[in-house]
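**Student:** give me the fold of what follows.
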Amino acid sequence: MPLHQEHHPARAFAAPPGEIFWRVAPFAVYMVFTAIVEASTLLGLSFSGAWTGTLYPVRAVCVAVALAVCLPKCPELRLADMTGRGILFASMVGVAVFAAWLALDVPWGRVGTPVAFPHRAWGDAARPLLLAIRFIGAAVLVPLAEELFWRSFLMRHIQGGDFRRVPLSRFHPLSFLAVTVLFGLEHHLVVAGMLAGAAYNMVALRTGSLGCCVLAHAVTNGLLGLWVLYAGAWELW
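**Tutor:** Residues are numbered from 1 along each chain as shown. Predicted coordinates:
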């Protein structure tokens, strides 16, 4: 039966563990490094100098390797699914989320204390390289890893059965709400994060394309990266 005709995903068998692994692994690698930074902050420890600057490039390389291994196993990320209207809608959502992210950078919208990116950790000579790695990580690697986990896997997995049989365009109240909240809690700007999670969920529902979700996320993060470089708002990275 074609996927779009599957009306009862909960009656299907669960997906094999391997299929879950391909979609979770890149995000898990990313979060391991996030946990290291968060734990050090909670414990009153600090990474300084070259080590601090090296931590993100190491994370970027590890996530890139995980994506290189896992993406070929995830056929739902297809450029053919990205229609002109879908690309336009995703781009507009990405811009809107960027604007909302800056507007919601307020005390009541934050949880915890963000650590400013150590943009001078490698010295002035190597600073452009460090910034380039950080920008690529935010605008390319993070959208791929997060959308593969949040929209491709979790939003469909919560609906029951084999998540691969659940169209991205199917609305499910519990999965929509859960992913929105959890996505927000992943970020220091928790209110902006929840709004972003809901917006990217809408891209999935409206377009049925994981590629469009990645595009919307990449537009937001790319614009945010440009803003950080322009305004020196390193705490947003």
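
**Student:** where does this protein dip in pLDDT?
**Tutor:** Scanning the chain for pLDDT under 70 picks out 1-12, 41-52.

**Student:** which residues in it form helices?
**Tutor:** For the chain, applying DSSP state H gives helices covering 17-42, 49-70, 84-103, 123-136, 142-147, 155-157, 173-185, 190-207, 210-231.

**Student:** mind giving me the packing neighbours of the first one?
**Tutor:** Translated: helix 17-42. Helices and strands touching helix 17-42, by 3 or more Cβ pairs under 8 Å, 6 or more residues apart in numbering; DSSP states H and E, are helix 49-70, helix 142-147. Heads up, the C-betas are built off the backbone N, CA and C, glycines and all.

**Student:** the inter-axis angle of it versus helix 49-70?
**Tutor:** Following axes from the mean of the first three to the mean of the last three Cα atoms, to 10 degrees, one obtains 170 degrees for the angle between helix 17-42 and helix 49-70.

**Student:** residue contacts, Trp150?
**Tutor:** Trp150 sits next to 27, 179, 182-183, 197, 200 when contact means Cβ atoms under 8 Å, 6 or more residues apart in numbering.

**Student:** of those residues - the most surrounded one?
**Tutor:** If you count neighbours using other Cβ atoms under 10 Å, the busiest of the contacts of Trp150 is Tyr200, which has 29 neighbours.

**Student:** quick check: that residue touching Val214?
**Tutor:** No: contact criterion Cβ atoms under 8 Å: Tyr200 and Val214 do not qualify, at 9.2 Å.

**Student:** what's the closest non-adjacent residue to Phe27?
**Tutor:** Among residues not flanking Phe27 along the chain, Phe149 sits closest, at 3.7 Å (Cβ to Cβ, 6 or more residues apart in numbering).

**Student:** and for the one you found, the neighbour number?
**Tutor:** Per other Cβ under 10 Å, the neighbour tally for Phe149 reads 22.

**Student:** quick check: it touching Met31?
**Tutor:** No: Phe149 lies out of contact with Met31 (Cβ under 8 Å); the separation is 9.2 Å.

**Student:** just to revisit the earlier point, which residues does the residue nearest to Phe27 contact?
**Tutor:** So Phe149 contacts 23-24, 26-27 (Cβ under 8 Å, 6+ apart).

**Student:** is it true that Thr142 touches Leu224?
**Tutor:** If you look again at residue 142, you'll see it is Val, not Thr. No: taking contacts as Cβ under 8 Å, Val142 lies outside contact range of Leu224: 10.6 Å.

**Student:** kindly export stretch 77-86 (C-alpha atoms) in CSV.
**Tutor:** C-alpha atoms of stretch 77-86 as CSV (Å, rounded to 0.1, in the frame of the first residue of the first chain):
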residue,chain,number,x,y,z
LEU,A,77,15.3,13.5,2.4
ARG,A,78,14.6,13.9,-1.3
LEU,A,79,15.2,17.1,-3.4
ALA,A,80,12.4,15.8,-5.7
ASP,A,81,9.9,16.5,-2.9
MET,A,82,10.8,20.2,-2.8
THR,A,83,8.3,22.0,-5.0
GLY,A,84,8.7,25.7,-6.0
ARG,A,85,5.8,26.6,-3.6
GLY,A,86,7.3,24.5,-0.8
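
**Student:** quick check: buried residues in it?
**Tutor:** Of the residues in stretch 77-86, 77, 82, 86 count as buried by neighbour count, 16 or more other Cβ atoms under 10 Å.

**Student:** closest to Ala204 out of the residues you listed?
**Tutor:** Proximity to Ala204 was ranked across these by Cβ to Cβ; first place goes to Gly86, at 10.4 Å.

**Student:** how near is Ala99 to Gly109?
**Tutor:** 14 Å (Cβ to Cβ, to the nearest Å).

**Student:** who's more crowded, those two?
**Tutor:** Between Ala99 and Gly109, Gly109 has the larger neighbour count (other Cβ under 10 Å), namely 19 against 11.
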